[in-house]
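> Sequence first, predicted coordinates after that:
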Amino acid sequence: LPQASNFHPTVTTTKAPHVNAIKSVNGNWGNPHHALKYKGVIDSGCLRHMTGNMSYLTTFKEINGGYVAFGGNPKGGKIRGKGKIRTGKLDFDDVYFVKDLKFNLFSVSQMCDKKNIVLLTNIECIVLSSNFKLPNENHVLLRVPRENNMYNVDLKNIVPSGDLTCLFAKATLDESNLWHRRLGHINFKTTNKLGKGNLVKGLPSKSFENNYTCVSCKKGNQHKASCKSKPIGSVSQPLQRATWVFFLATKDENSPILKTFITGIENQLSLKVKIIRSDNGTEFKNQDLNQFCRMKGIKMEFSVAITPQQNGITKSKNKTLIEADRTMLADSLLPIPFWDEAVNTACYVHVTTVNF
């Protein structure tokens, strides 16, 4: 192994350090480039061994290689040859000679190509032979595969193990209730999921707890009708659970609104509506809508009478929106004429948050 250096500058293969002088352990000052001139830097980011001093190379062979980009020369240095550097027990083969390179760089990945094992610690670098075996696999904290001569940690697939604990600050009761109201009274489980995933701007990454004191939620979930029912139509897309809401003065408006919606959505998404599933209400089962569906080649499916389970997605969505509507009206103390705005708000919140 090369003798350990008394100097500790930070050097990379892409950018030279921006310092004018460096101080050694003994207190002497000097130029950092000059200090590293006779040293070899073990670089885990460098793909190949390379040097700018031909005198270090034995069995030198001229080659017409490519170019290496580095900070001192933006245009890159030409690879003019390669050779071997001998350091006793370990020889560095296929070391590229780059004329204008100011440092001597030894690639970790190229050393591993010879079945060596490179161990980097906080005080030294140790190159071990291929015969070295780990005494205990329990000492391994992370394994990173080698790809394109580099060791890349895939941060997308990092999953904390059972021994790791991720701690979140606990939100106050007032803060939990505030965000519960801001998000349209959605459940706290969804609120915590949005916060931990940073899916809502401004929502803090805290743990929100439900203390079951939201009176508006209890009122909104009551099944006894507190006001006269009003016609409302909703269209749900089964796979993505996308939902559109339309407000009807009378049920006769359903056919023209549905026909306009189908024409528009097919044009916007460049997709065709193939099946419409509904109950047996006259707003769906009429000559006008039947004629439109036959012309468009759309199949109409009707659920069996008194069997809402066969149209569960739409029925459940309607119930969710109406309960959220009543909850927000009770919480805000707004008059009933604002019920349609509350439904629109509930639909927007549920589509953009609950589906995550």
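Structure received. Numbering: from 1, shown residues only.
> neighbours around residue 114, how many?
With neighbours defined by other C-beta atoms under 10 Å, the count for residue 114 comes to 13. C-beta here means a position set from N, CA and C on the backbone, and glycine is covered the same way.
> OK, contacts around it?
The neighbourhood of residue 114, defined by C-beta atoms under 8 Å, 6 or more residues apart in numbering, consists of 93, 130.
> With residue 94 as the reference, measure out to it.
In this structure, residue 114 and residue 94 are 10 Å apart, going by C-beta to C-beta, to the nearest Å.
> ditto for residue 328
Residue 328 is 70 Å from residue 94, by C-beta to C-beta.
> Low-confidence regions, the chain specifically.
Low-confidence regions of the chain, defined here as pLDDT under 70, cover residues 1-37, 71-74, 156-168, 223-241, 354-356.
> Show me what the one helix or strand residue 349 maps to is packed up against.
For residue 349, the enclosing helix or strand under DSSP states H and E is helix 339-349. When contacts are defined as 3 or more C-beta pairs under 8 Å, 6 or more residues apart in numbering; DSSP states H and E, helix 339-349 packs onto strand 243-247, helix 312-332.
> domain assignment for this protein?
22-151, 230-354 (automatic domain parsing).
> Present these as JSON lines; the columns should include distance to residue 202.
As requested, the domains of the chain are exported to JSON lines (distance: least, C-beta to C-beta, whole Å):
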{"stretch": "domain 22-151", "distance to residue 202": "34"}
{"stretch": "domain 230-354", "distance to residue 202": "13"}
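> wait, which of those domains is closest to residue 182?
Residue 182 lies closest to domain 230-354 among those, at 9.2 Å (C-beta to C-beta).
> The closest one: how far from the chain's middle?
33 Å (C-alpha atoms, centre = their mean, to the nearest Å).
> now do stretch 81-98
Computed by C-alpha atoms, centre = their mean, the chain-centroid distance of stretch 81-98 equals 42 Å.
> neighbour count winner among residue 328 and residue 94?
Between residue 328 and residue 94, counted using other C-beta under 10 Å, the more crowded position is residue 328 (23 against 14).
> Please name the nearest non-neighbouring residue to the more buried one.
Nearest-residue entry for residue 328: residue 342, 4.6 Å, with adjacent residues in sequence omitted and distances by C-beta to C-beta, 6 or more residues apart in numbering.
> what's the burial count for residue 98?
When neighbours are counted by other C-beta under 10 Å, residue 98 registers 24.
> How about the contacts made by it?
Going by C-beta under 8 Å, 6+ apart, residue 98 touches 50-52, 68, 77-80.
> Near the closest residue to it other than its chain neighbours, how many other residues are there?
The spatially closest residue to residue 98, leaving aside those adjacent along the chain, is residue 77, at 4.1 Å (C-beta to C-beta, 6+ apart). Residue 77 is flanked by 21 other residues according to other C-beta under 10 Å.
> just residue 92 next, same as before
Other residues near residue 92 come to 21 when the count uses other C-beta under 10 Å.
> helix or strand for it, which one?
For residue 92, the host element (DSSP H and E) is strand 91-98.
> In its sheet, which strands sit next to that strand, and in what direction?
If you go by DSSP bridges, strand 91-98 pairs up with strand 50-51 (parallel), strand 73-86 (antiparallel).
> what residues are up against residue 343?
If you count contacts by C-beta under 8 Å, 6+ apart, then residue 343 has 232, 245, 247, 321-322, 324-325 around it.
> what's the span of stretch 105-124 from first residue to last?
Distances were taken as C-alpha to C-alpha, to the nearest Å; on that basis the terminal residues of stretch 105-124 are 16 Å apart.
> and that stretch, which residues are buried?
In terms of neighbour count (16 or more other C-beta atoms under 10 Å), stretch 105-124 has its buried residues at 105-112, 118.
> Could you do stretch 336-347 as well?
In terms of neighbour count (16+ other C-beta under 10 Å), stretch 336-347 has its buried residues at 339, 342-343, 345-347.
> And the residues you listed, which is closest to residue 306?
Closest approach to residue 306 among the buried residues of stretch 336-347 (C-beta to C-beta): residue 343, at 25.8 Å.
> In ChimeraX, how would I pick out whichever of the contacts of residue 343 are buried, leaving the exposed ones unselected?
Only the buried entries of the contacts of residue 343 go into this ChimeraX selection, using 16+ other C-beta under 10 Å:
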select :232,245,321,322,324,325
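> need the contacts of residue 343 in a markdown table with distance to residue 137, can you?
As requested, those are exported to a markdown table (distance: C-beta to C-beta, whole Å):
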| residue | distance to residue 137 |
| --- | --- |
| 232 | 61 |
| 245 | 57 |
| 247 | 64 |
| 321 | 54 |
| 322 | 58 |
| 324 | 52 |
| 325 | 58 |
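> Thanks a lot, catch you later.
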